Structures are given as C-alpha cells and as structure tokens.
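Q: any chance you could fold what I've pasted below:
(chains A, B, C and D)
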Number of protein chains: 2
Amino acid sequence: MNLKELAKELGLSPTTVSRALNGFPEVSEATRKRVQAAADAYGYRPNMRARSLATGRAMAIGHVIPLASEHEMVNPVFADFIAGAGEVYSKAGYDMLISIVPEAEQERAYEEFKYKGSVDGIIVHAPRSGDQRIKLLKSVGIPFVVHGRASESDESYSWVDMNNLRAFQRATDFLLDLGHRRIALINGLEDMDFAIRRRAGFEAAHEARGVSHDDSLKFTGEMTEQFGHDTTRALLARPHAPTAIMTSSMIPAIGIRRAIREANLEMGRDVSVIIHDDDLSYLPNGRDDPIFTATRSSVREAGRRAATMLLDIIANGSDTPRTSLMEAELLIGQSTGPAPAHARTTDPV
Amino acid sequence: MNLKELAKELGLSPTTVSRALNGFPEVSEATRKRVQAAADAYGYRPNMRARSLATGRAMAIGHVIPLASEHEMVNPVFADFIAGAGEVYSKAGYDMLISIVPEAEQERAYEEFKYKGSVDGIIVHAPRSGDQRIKLLKSVGIPFVVHGRASESDESYSWVDMNNLRAFQRATDFLLDLGHRRIALINGLEDMDFAIRRRAGFEAAHEARGVSHDDSLKFTGEMTEQFGHDTTRALLARPHAPTAIMTSSMIPAIGIRRAIREANLEMGRDVSVIIHDDDLSYLPNGRDDPIFTATRSSVREAGRRAATMLLDIIANGSDTPRTSLMEAELLIGQSTGPAPAHARTTDPV
DNA sequence: CGGAGTCCCCAAACCGTTTTGGATGCCCGA
DNA sequence: TCGGGCATCCAAAACGGTTTGGGGACTCCG
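A: Residues are numbered from 1 along each chain as shown, chains lettered A, B, ... in the order given. Okay, here's the model as predicted:
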C-alpha cells in the first residue's frame, strides 16, 4: 500500500494525504482524522527511501567502527555505547548504520557514507593522536560527533568524552595516599587518545608529589584478558615488583587478577588494583561493594549523549562545536589496600 | 555531482552513463572508458537512496538485537557476530542496519524494517522456545536467516546454528569419564533456544550412563560475571558440593573462577570447569594451552555464514530453506581434572 | 455587489537513479 | 536497391514520496 493508492482509496490527492499524515496545517481536522484512520487500517508506512530522496534527509546515523588491525578485534565497549545511542535514535525515528572496517579503510568508509547519501551524520569512534579523520569529515561537510578527542588536533569539533586525565590522576593519588610507590600502568594502545590522557593523569599525580615514575612500569596494548594476565605475570616476577597496578578496562583486569592469584598473592593485600570501569552491562563490577576499586563512567550514557548531541546538530545546525565532558566517579572496592610494609621503604630502583 | 551533471559534462545522456558505469553491453568500450575516467575524476558515487528507489533493492540488511529486559543488557557475543557478518556485507556492497530494541518491541521493529523498505533481509538473533518472530517474518514475506533455531516450531526456515546438544553432550561425557558425578550446569535464560539444547545434551549424557541428575544443580539466568560467581559460591557452600561445573559462556566462567578461588579451592583440581567458548576476540581462551577446557565454536564465523546465506537467498531466491550446522571442538585446558577421590563414592544425594 | 482574505484542496514538478522502448546510422546479404 | 540485423545511443517513464504554486469556494467587509 503506497501513498498514491491510499489517496485514491480516500478520494483525495496524494498531496493532501501526505500533508495530513505529516501534520501540516493546510488540511482540515476532519479529513486529517479520516486519513489517519485509513492509514492505520491499511497499515500504511511511508517508504523511507522515497521519502528521504524527496526530503534530502536520510534519517540515519552512521557508525564506523574500526577493527583493530592485529587481532581483528572489535572493542567490546562498542556494544554498550551503541546500545545507548540506539535508544536515542529509535525514539527520534532514526536508523543506525554500522560499518565495521579494518583500521586502514576507515576514511573510505566515511566518504562512502557521505557520497552515497545513506546517513545524515556520523559518530567517530576511538580517535587517535593526530587523527586525520576529523579533518577529512570537516572537509567532506557532514555533521559528526567524536566519542573522545583527538589529542594533537587544533581543529574544533563536537565531542563527548570522559575526563580521562582527572580520573586517572585521582586514582593514582589514591594509591599514593595508601603508600604505594611502585605503580604499574597497563594501558590501551599507545596512540589511542584515551590512553594518552590516562597516562598523563597517572604521571601528573606522581609529579605533583615528587614521586618518580619510570617507563618500565608502563605498558600499552590491546585491552584483552591475555594482555592483562601476561603483563602482570611478568611484573610480579621482577625483583622489585610493583605493589599496585592500574588498568584501563575491566577486561585486562580479569587477567591481572588471574595472574595475581597464580602467583599466590592476594589482590587488595599484596597487590592493589584500580581499573577504569565502563559500566558494561554484562561485566558489572558491583554497586555496593565493588570487586575492583574503579573510576567509573557509563559508556552507555556516553552513547546517549553523543547521539543526542548529533541529532541536535543535524536539526539546528552548529555554529559553534558542542562538547560534553563526563566526570568519572571513584569507587572504592576490595582490590585496594595499603602498600605492604616491606615495600614501604624507599624505592630501591 | 550527480548522474545528470556528469552526463551533461560528457555530452551523453544519463541513460548511457548509467549503463556504462553498471557494465551493460549496450555501450561501446571506448565510451565506457571515457565515462569511467570522468566518474573517477569527479569522484562521482551514485546516490544509494535514488538507486534503491529505482531498483527496489535497499542494499542493506537489518539486525534486530533485543535488549534483555531485566538489566537492559546487550549480549556481548553480538559484537563478534556482527563483525563477522559485517565483513561479508561490505564485500558485497551491502549496508548493515542495527536496531536495538527492548525485548517486547521486537516484532514492531521487524515490521518497520519491511514496510519502510529500508532492508532487503533480516538476521534474527537469540531465538527463544516457540518464537513468534519466525511466523511473523514468513507472513511479512521478507528473506531472513535465524542465528540459532526456534525449538518448538514446525515452521521451516533458514538458519545457522552450532550443534549445542552434541557439544554439551560430549563435554558432559568427558567429565563423567573423569569420574565426576555431581556436575552443575550454569546455563543461559530458560527459554533461549541454545540453553534448551545444551541442557538436553547435558541430560542425555547422564542418562546414557544411568547417572542421575537432579534439577537442584541446574541454573538459568543472564550470562553475566555476577551470575556465575554468585551461583558458584552458593553451590560450593552446600554440604555435597558439585565437583564440576559447566557453563554456557566465558563471561560467567570468569565469575565461577572467582568464586572457586574465594573458597580457597583450585580450579582443575578441586573443581573442574568446562565452558562454551564463543571465541570472542577480546576474551581469548588461549590456543595451545587454554585456560578453560571448552567447547569452542567461533561466533564470528557464524556471523559470516549467516550473512553469506542471507545474501545468497536474496540473490537467488529460496525454494527450500537452507541450514548450516557448525560442530564445536572440544579443547582440553587447565580447568578440568579427575574428580577428587573423596567425592568418588556413590552420590549421597 | 465586488474584492480581499481564508480555508482546503489539488496538479505538477522534483529528488537521482534505473529501465523501457525506441531511434539512428551503418554494414551486409539478397 | 532495399530490408534486416547490429551496435550505439537517447527520451521519457517509472520508483514513492514531498513541495511549490496555484485555484475554487466561502466569508467578511465596504
């Protein structure tokens, strides 16, 4: 059942039917009701392709999510981010288009989205240091919002981000307060923006107290369970093992915990651990008595905000870029405690 | 730059340009090359909305993924399944549309996909016992492939599934061989098809040997870390605790391991654990020496197969439904061992 | 009574492709 | 010489909506 047929059925012109259904004022209330009733009865739904061809709006948002090159890994936080964004889209009648492409083909994916006319806006995921994509998208001229920020970019653009620096600075402070002096950082890939900022927070906290921090305790890699485990095992085998470990996600933290147990040590007593918790629905850290002491910020909420922001930019234009910075909570759990006495002596390194 | 402009630029009709670019034979090789060169030079990409309006094909596949009602959880295996499917789509020039909706609104989502004309086919996720969606989709008349099967349905339809029954039967057999007689099953939600089949395999293995199995050792719930942990803790506190635990996913297994350690027991010695491993990219179980003994079947590969099958059905029609059953490997890891001697006596229950 | 203003409605153009149904010119064989 | 076949191109009609630019009927007012 299409518009023309419906119009004929009603003895009206397609124009009037269209206007009635879209709530234009040039149609009497009586006929509007009649049209609406008929549309419901026949189960009429306007064809989106035709509509968007006519209006020029695709009523869809594109997400390009990169496959980390090495293990073709898809970052598990995307699932929750997308769930948050999807909520907003479906309320607004928008579709969500997802394109999963190898790291290297991302730029082509953006251009295709634009030129094929299949989306009205784009969410940029996982920005890296000096990311080229932002420049590209600005030149392409399509509305977009970045989840995160591109570190060394002087371009201005809209973004939703968590205060990574502050979160990790606070967490590091907390460990320093507990007497820890050798703290390891098991971080995300080196050039990911979030990893850079977290590292900066980690280092700032040390420097504010004049505590030395050396690079042999800092690690970067893809956030897998394996990475957390292997790194921790190697760390604990060192003569002057760290007394605390910070990491960027729940997933490697599980591996860290495994390695600590394998070394017959106890987390929270022998080794303290602080993680960043994205509040993933399937890996809850616990509300009242969290397993891990954590900086927590809901990635699903970030998805909601980014989507809301993007739809707003599409609807109202953006003279000046919008930004939204979320602060993380610091939740004390069972995985942290004072540094063991024998380690409290001056750092021998 | 659209087709009309390009045609004018070339001094040709839109018809000829369209045919040249789409490889029709009615255009000379010379002009085809000239058109192709001009298209490349101007960076022309056909507008997908217009094209699909004209052809009637949307060149997009829809995935409706349900939000588990209680915790609004999005199943983390979707990420990998979608990564696999996405690979296939992008090679074939298809887009992927994702709609994340609360459990209850799924049917509406399917109808919208169809009537709005935004997709050519649909992948059905997470079928449940006696699922109504299959009947709905057949009546709606849109090609679809189910990831999994709907247990009590007599309808015929296309699906890609893993041999859940056989996998869990083999795994249970393996535990029985090792002398275990009290085996717990921490399974997915009761009416999920995969959970039903796995339970059936679990029970079949027991019955084949005349080993009793009682329902007090079987649990169903959403596959979170917490669920695995809490259930295991309760189990281990029982007077006649089970000596082995089977579970449906890596995620609860992590909680199971945590609970075992908290009880000062050792996995693989005091309590054996077998999991099903979906081979998620961010939670690798290890290749050569797996952490968990596991039945393994790549959900990403399932995504590839389902997508390939669906595209084939769309292209060639489907007189008879297609099916693809994947067998899981049984990988021996560190989490299993012979039943402890003191438990080998006849089951006191 | 005539003209202006409103209220409803409609015919036709348009969005950017594909596809149908020729049209043109040329070569070839009868 | 003429008709048929072939190669190459094109004009116009779809596809299913929205939007522009009126137009008729009615009311109101001078």
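
Q: can you tell me the SS state at the residue of the stretch 51-200 of chain A found nearest DNA strand D?
A: The minimum distance from the stretch 51-200 of chain A to DNA strand D, using Cβ to the nearest atom of the strand, falls at A:Ala54 (3.4 Å). Using the backbone N, CA and C atoms, a C-beta is placed for each residue, glycine as well. Judged by DSSP: H, G, I helix; E, B strand; the rest coil, the three-state class of A:Ala54 is helix.

Q: could you check how far it is from A:Pro14?
A: To A:Pro14, A:Ala54 is 12 Å away according to Cβ to Cβ, to the nearest Å.

Q: got it, and A:Met96?
A: A:Met96 is 30 Å from A:Pro14, where distance means Cβ to Cβ.

Q: neighbour count winner among those two?
A: In this view A:Met96 and A:Pro14 are compared by other Cβ atoms under 10 Å in any protein chain shown, and A:Met96 has more residues nearby, 23 against 14.

Q: what about the helices in the stretch 201-349 of chain A?
A: In the stretch 201-349 of chain A, the helices defined using DSSP state H, counting those that start in this stretch lie at A:225-236, A:250-262, A:299-316.

Q: TSV for the ones you listed, including distance to DNA strand C, mean pLDDT and mean neighbour count?
A: As requested, the helices of the stretch 201-349 of chain A are exported to TSV (distance: least, Cβ to the nearest atom of the strand, whole Å; pLDDT from 0 to 100; neighbours: other Cβ atoms under 10 Å in any protein chain shown):
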stretch	distance to DNA strand C	mean pLDDT	mean neighbour count
helix A:225-236	46	96	21
helix A:250-262	44	94	24
helix A:299-316	18	96	21
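
Q: now those helices in CSV, with distance to chain B?
A: Output for the helices of the stretch 201-349 of chain A, formatted as CSV (distance: least, Cβ to the nearest Cβ, whole Å):
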stretch, distance to chain B
helix A:225-236, 5
helix A:250-262, 5
helix A:299-316, 8
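
Q: select, out of these, the one closest to B:Ala259.
A: helix A:250-262 (12.4 Å; Cβ to Cβ).

Q: tell me which parts of the stretch 51-200 of chain A are close to DNA strand D?
A: A:Arg51, A:Leu53, A:Ala54, A:Thr55 (Cβ under 7 Å from any atom of the strand).

Q: buried ones in the host helix or strand of the first one?
A: If you go by DSSP states H and E, A:Arg51 is part of helix A:48-55. Using 16 or more other Cβ atoms under 10 Å in any protein chain shown as the test for burial, helix A:48-55 gives A:Met48, A:Arg49, A:Ala50, A:Arg51, A:Ser52, A:Leu53.

Q: and the contacts of it?
A: By Cβ atoms under 8 Å, 6 or more residues apart in numbering or on different chains, the surrounding residues in contact with helix A:48-55 are A:Ala58, A:Met59, A:Asp95, B:Asn47, B:Arg49, B:Ala50, B:Ser52, B:Leu53, B:Ala58, B:Lys116, B:Gly117, B:Ser118.

Q: now the stretch 201-349 of chain A against chain B: closest residue?
A: The stretch 201-349 of chain A approaches chain B most closely through A:Ser281 (4.0 Å), counting by Cβ to the nearest Cβ.

Q: tell me the contacts of the residue of the stretch 101-250 of chain A found nearest chain B?
A: Residue of the stretch 101-250 of chain A nearest chain B, by Cβ to the nearest Cβ: A:Tyr115 (3.7 Å). Under the criterion of Cβ under 8 Å, 6+ apart, the neighbours of A:Tyr115 are B:Gly43, B:Arg45.

Q: go with 6 Å
A: Counting by Cβ atoms under 6 Å, 6 or more residues apart in numbering or on different chains, A:Tyr115 makes contact with B:Arg45.

Q: likewise for A:Arg322?
A: For A:Arg322, the contacting residues are A:Ser158, A:Met309, by Cβ under 6 Å, 6+ apart.

Q: also the one 5 residues further on?
A: For A:Glu327, the contacting residues are A:Asn163, taking Cβ under 6 Å, 6+ apart as the criterion.

Q: so how far is B:Ile275 from it?
A: Going from A:Glu327 to B:Ile275 by Cβ to Cβ gives 37 Å.

Q: does A:Leu67 count as helix, strand or coil?
A: strand.

Q: go ahead and confirm it touches A:Pro102.
A: Yes: counting by Cβ atoms under 6 Å, A:Pro102 is a contact partner of A:Leu67 at 5.1 Å.

Q: ok, those two, which is more surrounded?
A: More crowded of A:Leu67 and A:Pro102, by other Cβ under 10 Å: A:Leu67, with 21 against 14.

Q: got any ranges where the stretch 151-300 of chain A has weak pLDDT?
A: Applying pLDDT under 70 to the stretch 151-300 of chain A flags the ranges A:152-153.

Q: A:Ile332 and A:Ile186, how far apart?
A: A:Ile332 sits 20 Å away from A:Ile186, taking Cβ to Cβ as the criterion.

Q: so if I had to pick from those two, which one is more boxed in?
A: Neighbour count, other Cβ under 10 Å: between A:Ile332 and A:Ile186, A:Ile186 has more, with 26 against 13.

Q: partners of the helix or strand harbouring that one, with directions?
A: If you go by DSSP H and E, A:Ile186 is part of strand A:183-187. Strand pairing for strand A:183-187, determined by DSSP bridges: strand A:218-220 (parallel), strand A:244-247 (parallel).

Q: chain center to the shortest one: distance?
A: I take that to be strand A:218-220. 21 Å (Cα atoms, centre = their mean, to the nearest Å).

Q: before we move on, what about stretch A:210-229?
A: Worked out by Cα atoms, centre = their mean, stretch A:210-229 lies 21 Å from the chain centre.

Q: tell me how many other residues surround the closest residue to A:Val299 other than its chain neighbours.
A: Using Cβ to Cβ, 6 or more residues apart in numbering or on different chains and skipping residues adjacent in sequence, the residue nearest A:Val299 is A:Asp278, 4.2 Å away. The local packing of A:Asp278 (other Cβ under 10 Å) involves 26 other residues.

Q: and A:Asp278, what are its phi and psi?
A: For A:Asp278, the backbone dihedrals are phi -80, psi 0 (criterion: degrees, to the nearest 10).

Q: buried residues of stretch A:203-212, list them for me.
A: For stretch A:203-212, burial by neighbour count (16+ other Cβ under 10 Å) applies to A:Glu203, A:Ala205, A:His206.

Q: reformat these as JSON lines; add distance to DNA strand D.
A: As requested, the buried residues of stretch A:203-212 are exported to JSON lines (distance: Cβ to the nearest atom of the strand, whole Å):
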{"residue": "A:Glu203", "distance to DNA strand D": "53"}
{"residue": "A:Ala205", "distance to DNA strand D": "54"}
{"residue": "A:His206", "distance to DNA strand D": "58"}
